[in-house]
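S.K.: Have a look at this prediction, sequence included:
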Amino acid sequence: MKLEEIGHAMSYQLAINVLHAVEIYAEIKKKKPLLTEKHKKARLAWAKKHQYWTVHDWRRVIFSEPGYACQDYNGAMNSELYQEIITTSLNDTMEYYDLNWETSVFQHDNDPKHRSQSTTQWMKDSDMVCIDG
């Protein structure tokens, strides 16, 4: 039951003040990418190395989008499921746009399942060219 329904109006700030008065503090955790200093340095080095790429060069890059074709309603995503999704969705995308790994580069974030040993080895075995960092 809401306080307003029983005749007690309370603002958001008043509720926060009451909670703080009894030493209850809460905050919403900010989402941030899993980037370490090592990742940041590697990305900066990669960017400097490729700073003179042309539009044609950048058109070869396939960017991974969080959530794109990666929804699993039966549980959490893991390395094996990620590899399965990449096998189907990414290959379908590449086929649709007439791309191949001889001329394309794949970019994804540093999520642990994307950087796991099994995924890294699977990408090498699949001849995928990936942006490091």
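M.R.: Happy to help now that I have it.

S.K.: Return the set of buried residues in the top helix by length along the chain.
M.R.: Criterion DSSP state H: the longest helix present in the chain is helix 37-49. For helix 37-49, a neighbour-count test (16 or more other C-beta atoms under 10 Å) marks 39, 42 as buried. For glycine as for every other residue, the C-beta is placed from the backbone atoms N, C-alpha and C.

S.K.: Show me how far that helix is from its chain's centre.
M.R.: Averaging C-alpha positions (C-alpha atoms, centre = their mean, to the nearest Å) puts helix 37-49 17 Å from its chain's average.

S.K.: now stretch 32-50
M.R.: That offset, for stretch 32-50, works out to 15 Å (C-alpha atoms, centre = their mean).

S.K.: Stretch 24-31 too?
M.R.: 21 Å.

S.K.: Pull the longest helix of the chain out as CSV, backbone CA atoms only.
M.R.: The C-alpha coordinates for helix 37-49 follow below in CSV (Å, rounded to 0.1, in the frame of the first residue of the first chain):
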residue,chain,number,x,y,z
GLU,A,37,44.3,0.3,-17.2
LYS,A,38,45.9,-2.4,-19.4
HIS,A,39,42.8,-2.4,-21.6
LYS,A,40,42.8,1.4,-21.8
LYS,A,41,46.5,1.6,-22.7
ALA,A,42,46.1,-1.1,-25.4
ARG,A,43,43.1,0.7,-26.9
LEU,A,44,45.1,4.0,-27.0
ALA,A,45,48.0,2.3,-28.6
TRP,A,46,45.7,0.7,-31.2
ALA,A,47,44.0,4.0,-31.9
LYS,A,48,47.4,5.7,-32.4
LYS,A,49,48.5,2.9,-34.7
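
S.K.: what pLDDT, on average, does that helix get?
M.R.: For helix 37-49, the mean per-residue pLDDT is 88.

S.K.: helix or strand right after it?
M.R.: helix 55-58 (DSSP states H and E).

S.K.: Mind listing what's buried along the next helix or strand after that following helix?
M.R.: Following helix 55-58 in sequence order, the next helix or strand is strand 61-63 (DSSP H and E). For strand 61-63, a neighbour-count test (16+ other C-beta under 10 Å) marks residue 62 as buried.
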